[in-house]
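J.: got a predicted structure here, sequence first:
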Amino acid sequence: MKDPGDTGSSDTTSSTGNSASTSSTRLDDAALGRLRPLAFTVAYRMLGSVAEAEDVVQEALTRVSQAEGLRNPDAFVTTVTTRIAIDVLRSARVRRESYVGAWLPEPLVGPLPSGLPSGLPVAMATAPPDAAAHAELADDLSTAFLVLLETLTPTERAAFLLHDVLGFPHSDAADVIGTSEVAARQLVSRARRRIARQRGDVVEGVQPARQTGDRARADQLVAKFLATCEDGEVDPLLELLAQDVVLTGDGGGKVPPGMSISRPIAGREKIARLLAGFMHRGAPLHFEHALVGGEPGLLIVADDVVGGGLVGTWSFEVSDGVIAGIRGVINPEKLRHLGPLADLDRLQASLKSARLENARLKGTRANRHDQ
């Protein structure tokens, strides 16, 4: 592949076969609109942040709009977006080193697939970002996969995504990153080994993290998990969780005390008791089913009595018929793109009031028993 900035040919055709501009013209608004979802998926895979990805896309499309005679607009926008995202990720990684608690990607939310039992509530009526419509929340956009990518350096991440996900030859990936083909191969190889170690794989090639088993069965499992949680009993929950299940919460230090866990929790007994206890608190909220980060998930939504709005998201990693991972995002700065947010201070005040009322009722019953 020649450098994407090469505009010397007037015989221009995009990689999707659509006719593009001649060498003396620039892409029109319709062509730029077609490139936007591609640019977003590239930027989001690199950054794991909707807000940062949208900023990168805006800058990338501005540069693309000023280029003339592009022979391959798709390759050009991928190159420009990746190069900008590498620089953004370098500064973002410095900020993430001082992030409060565990860092998780900003969730993409999509509609439920067909085939689920009737009567399940629908997801919040908010339009998903371009990536959800363009890539149908593919496995390589999943929360689990993006968490694995966080172990890579910016250039390793770029090389791996370009070659193993987007299918760029090593030579073309090297052009995008600005290195040699040999170095690009080494970056991809290191990235594969890092990801394999994180996943416990023993093979050299690494594919995007995938749900094991049928997607519909995974969604059914999450529906059963929610029903069991709402019953507030520990033992039935244990049957749905893997022995080594991990619960990770991302509040980012932006939520009231007690509303998010500060570090990941491992083990099904601990997690089952924590979730059962949470449900017993009687918080004024409810859950709505959705795809969250490409995985079966739940939206946590405040009840109208406390003003409504989104509280957070849960995504579930399912393996061998049980839940192997639960990832919750409650940091409001990571949820703004999904719609109106709940007033967390008001929600916490309601929880405190409920605890005080429960304590009063217990005290009253105890006094009556003593009498």
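T.: That came through, no problem.
J.: pull out the buried residues from stretch 347-366.
T.: Taking 16 or more other C-beta atoms under 10 Å as the basis for neighbour counts, the residues of stretch 347-366 that come out buried are Leu347, Gln348, Ser350, Leu351. C-beta here means a position set from N, CA and C on the backbone, and glycine is covered the same way.
J.: could you check how far the second one is from Lys334?
T.: It stands for Gln348. When distances are taken as C-beta to C-beta, to the nearest Å, Gln348 and Lys334 turn out to be 19 Å apart.
J.: then the first one?
T.: For Leu347, the distance to Lys334 equals 17 Å [C-beta to C-beta].
J.: what of the last one?
T.: Going from Leu351 to Lys334 by C-beta to C-beta gives 22 Å.
J.: cool, the third one as well?
T.: With the distance defined as C-beta to C-beta, Ser350 ends up 23 Å from Lys334.
J.: low pLDDT regions in the stretch 151-300 of the chain?
T.: Across the stretch 151-300 of the chain, residues meeting the criterion (pLDDT under 70) sit at 200-213.
J.: strands of that one, residue ranges please.
T.: Taking DSSP state E, counting those that start in this stretch to define them, one finds strands in the stretch 151-300 of the chain at 241-250, 265-266, 285-292, 295-302.
J.: would you mind finding the most buried of those strands?
T.: Each of the strands of the stretch 151-300 of the chain was assessed for mean neighbour count using mean count of other C-beta atoms under 10 Å. The highest is strand 295-302, with a mean of 24.
J.: what strands flank it, and is each parallel or antiparallel?
T.: Listed by DSSP bridges, the sheet partners of strand 295-302 and their directions read strand 285-292 (antiparallel), strand 310-319 (antiparallel).
J.: reformat those as JSON lines; add distance to Arg199.
T.: Putting the strands paired with strand 295-302 into JSON lines (distance: least, C-beta to C-beta, whole Å) gives the following:
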{"stretch": "strand 285-292", "distance to Arg199": "20"}
{"stretch": "strand 310-319", "distance to Arg199": "11"}
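J.: relative to Leu146, which of the strands of the stretch 151-300 of the chain is closest?
T.: Leu146 sits nearest to strand 295-302 of all the strands of the stretch 151-300 of the chain, at 10.9 Å, using C-beta to C-beta.
J.: so what's the gap between that closest one and the chain middle?
T.: 12 Å (C-alpha atoms, centre = their mean, to the nearest Å).
J.: with the buried residues of stretch 347-366 in mind, which one is nearest to His280?
T.: Taking C-beta to C-beta as the measure, His280 sits nearest to Leu351 out of the buried residues of stretch 347-366, at 11.6 Å.
J.: which helix or strand contains the closest one?
T.: helix 344-370 (DSSP states H and E).
J.: helices and strands around that helix, which ones?
T.: If you count contacts as 3 or more C-beta pairs under 8 Å, 6 or more residues apart in numbering; DSSP states H and E, helix 344-370 packs onto no helix or strand.
J.: tilt between that helix and strand 295-302?
T.: Computed with axes from the mean of the first three to the mean of the last three C-alpha atoms, to 10 degrees, the direction of helix 344-370 lies at 80 degrees from that of strand 295-302.
J.: re earlier: ok, which of the strands paired with strand 295-302 comes nearest Asn72?
T.: strand 285-292 (31.7 Å).
J.: and Leu162, how many residues sit next to it?
T.: Counted with other C-beta atoms under 10 Å, the burial measure for Leu162 works out to 27 neighbours.
J.: also Asp320?
T.: A count of nearby residues for Asp320, using other C-beta under 10 Å, gives 8.
J.: what do you get for Phe40?
T.: Close neighbours of Phe40, defined as other C-beta under 10 Å, add up to 25.
J.: quickly find the element holding it.
T.: Using DSSP H and E, the element containing Phe40 is helix 29-47.
J.: what ranges do the helices span in the stretch 1-150 of the chain?
T.: Counting by DSSP state H, counting those that start in this stretch, one finds helices in the stretch 1-150 of the chain at the ranges 29-47, 50-66, 73-97, 130-135, 143-149.
J.: how close does Leu141 sit to Asp235?
T.: Leu141 is 36 Å from Asp235, where distance means C-beta to C-beta.
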